[in-house]
Every structure is written in C-alpha cells, then in structure tokens.
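In: sequence and computational prediction follow.
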Amino acid sequence: MGLDCCWALKLVSGSLATKKMRHTLGVVALAEDLAIRHGLDLERVKLAALLHDLAKEIPLERQLVLARRWNLLHYPEDELMPQVLHGPVAAYWLEYCYELKDQEVLAAIAHHTLGFPGMSPLEMLIYSADMVEPNRDFPDVDNLRQALYHSIEKGTLACMKHSLEYLKNSHKLIHPLTTLTYEDLQRRLEFGT
C-alpha cells in the first residue's frame, strides 16, 4: 500500500473545508464500525474512507479538464454530470501523483459515487457509508444503516435502490453506471455469486 492513514488524514485535512471534513470523518466512523462487524481489513477501509472525497472541492470545471486529460470519461453522462467525477479524479491522482498502489482501495475511491459492476465488499462499504454516514438525515437512513450491519451486499443494494428511486422521483438524470451496478448486484444476490 505504501501510504498510511496518518498521511491520508493530513492530506484530506489540508484539502477539504470543515463541512466536508465532518462528512469524511462520519464516513470513516461508520466504515470502521462496519469493517469490524464484517471482518474487513480495518486499515484499508479507513484509508479508502479518508480519501474518498479528496477531489470533491476541486471546481467542477477543473475536474472535467482533469478527467479529459486522464481519459476518465467513459459515458456521455460523465460530462453532463461532472459532480460524479471526483471519485475517479481522486483515485487517478492518488495512484499517479502519490503512488498509492492498492487497487482495491483505489477502486473504492473511484466507485463510491456511482458504484461499479462487480464491486468488492470494500467498494460496497465505502459506497454505502458515504451515503448513510451518521451526519446524513433523510427518510429511511436508519433502516439503510441497519441493513448494512446485517449484510454489506443487501445493505448496498438497498442503498442503491433508495438512490435510484430518489433520482427518478426528483426527475434527475440517472447515470447508466449506477443502473448497471444495481442490476449486477441484484443478479449476484439472486444467484449467490
């Protein structure tokens, strides 16, 4: 891995405003608790949770420029919804500028907003902890948190379903990667893979 959580905490503390840092620490707290509950590597979970929003406060126009330069645009919606680019931008930045080599941690950071078909338990945990961390307050958030304590997979599927329903009901654009991830996770749970 090469980079530790103390280093990551210093990096994000210097990159994020107080409100976003509070969110990040909430993600870390929930992710650590879920990692212990489900037997995941605590250090890797904490590292991904600390770094997941590293690029969040880079202006959207700049994120789009970086995503183009680094070939991170894969769907037309990436340009239509540049707010979803901070995960892939942060992962690329961490891998190539800071030499973070843990591919699963990088994938958890890259995929924490939209998901990705075939997500690992670490990826699912960061995706879901980002959505339902303790500072979040929306209808059913407590039920979604509880579902994650019972099963990361089923809890993540519930989080994705909630997100898709919210986007649909709000008449917001749904990124195809989120739909593909939801369908993939449904199949995996149905067939036990």
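Out: Noted; the coordinates are in hand. Residues are numbered from 1 along each chain as shown.
In: which parts of this protein are helices?
Out: In chain order, the chain shows helices spanning 5-13, 18-38, 42-51, 60-69, 76-80, 86-97, 103-110, 121-132, 141-150, 152-169, 176-191, with DSSP state H as the criterion.
In: winner for burial among those?
Out: Comparing those on average neighbours per residue, with mean count of other Cβ atoms under 10 Å, the densest one is helix 121-132 at a mean of 26. Every C-beta, even on glycine, is put in place using the N, C-alpha and C of the backbone.
In: residue contacts, Ala129?
Out: For Ala129, the contact set (Cβ atoms under 8 Å, 6 or more residues apart in numbering) comprises Val27, Leu30, Ala31, Leu34, Ala49, Leu148.
In: list the contacts for the residue sitting nearest the centre point of the chain?
Out: Nearest to the mean C-alpha position of the chain, counting by Cα atoms, centre = their mean, stands His112 at 1.6 Å. With contacts taken as Cβ under 8 Å, 6+ apart, His112 has the following neighbours: Ala48, His52, Gly87, Glu123, Ile126, Tyr127, Asp130.
In: is it correct that the second one is in contact with Leu106?
Out: No - counting by Cβ atoms under 8 Å, no contact exists between His52 and Leu106, whose distance comes to 10.7 Å.
In: pick out the most distant pair among the contacts of Ala129.
Out: The distance between the two most remote of the contacts of Ala129 (Cβ to Cβ) is 13.5 Å, for Ala49 and Leu148.
In: in CSV, list the C-alpha atoms belonging to stretch 100-114.
Out: Taking only C-alpha atoms (Å, rounded to 0.1, in the frame of the first residue of the first chain), the coordinates of stretch 100-114 have been written out as CSV:
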residue,chain,number,x,y,z
LEU,A,100,-1.0,4.7,-3.9
LYS,A,101,-0.8,1.1,-5.3
ASP,A,102,-3.7,-0.7,-3.5
GLN,A,103,-6.0,-1.3,-6.5
GLU,A,104,-9.0,-2.2,-4.3
VAL,A,105,-8.7,1.0,-2.2
LEU,A,106,-8.4,3.0,-5.4
ALA,A,107,-11.5,1.2,-6.8
ALA,A,108,-13.4,2.0,-3.7
ILE,A,109,-12.5,5.7,-4.0
ALA,A,110,-13.2,5.8,-7.8
HIS,A,111,-16.6,4.0,-7.5
HIS,A,112,-18.0,5.5,-4.3
THR,A,113,-20.5,7.8,-6.1
LEU,A,114,-21.9,5.7,-8.9
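In: before we move on, the earlier item: let me know the pLDDT of the residue nearest to the centre of the chain.
Out: According to the prediction, His112 has pLDDT 98.
In: what's the distance between it and Gly155?
Out: With distances taken as Cβ to Cβ, to the nearest Å, His112 is found 15 Å from Gly155.
In: what sits against Glu104?
Out: By Cβ under 8 Å, 6+ apart, the residues touching Glu104 are Arg44, Ser120, Leu122, Glu123.
In: can I get those in JSON lines with distance to Leu189 and pLDDT?
Out: Supplementary listing: these in JSON lines, determined by distance: Cβ to Cβ, whole Å; pLDDT from 0 to 100:
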{"residue": "Arg44", "distance to Leu189": "24", "pLDDT": "97"}
{"residue": "Ser120", "distance to Leu189": "15", "pLDDT": "97"}
{"residue": "Leu122", "distance to Leu189": "18", "pLDDT": "98"}
{"residue": "Glu123", "distance to Leu189": "15", "pLDDT": "98"}
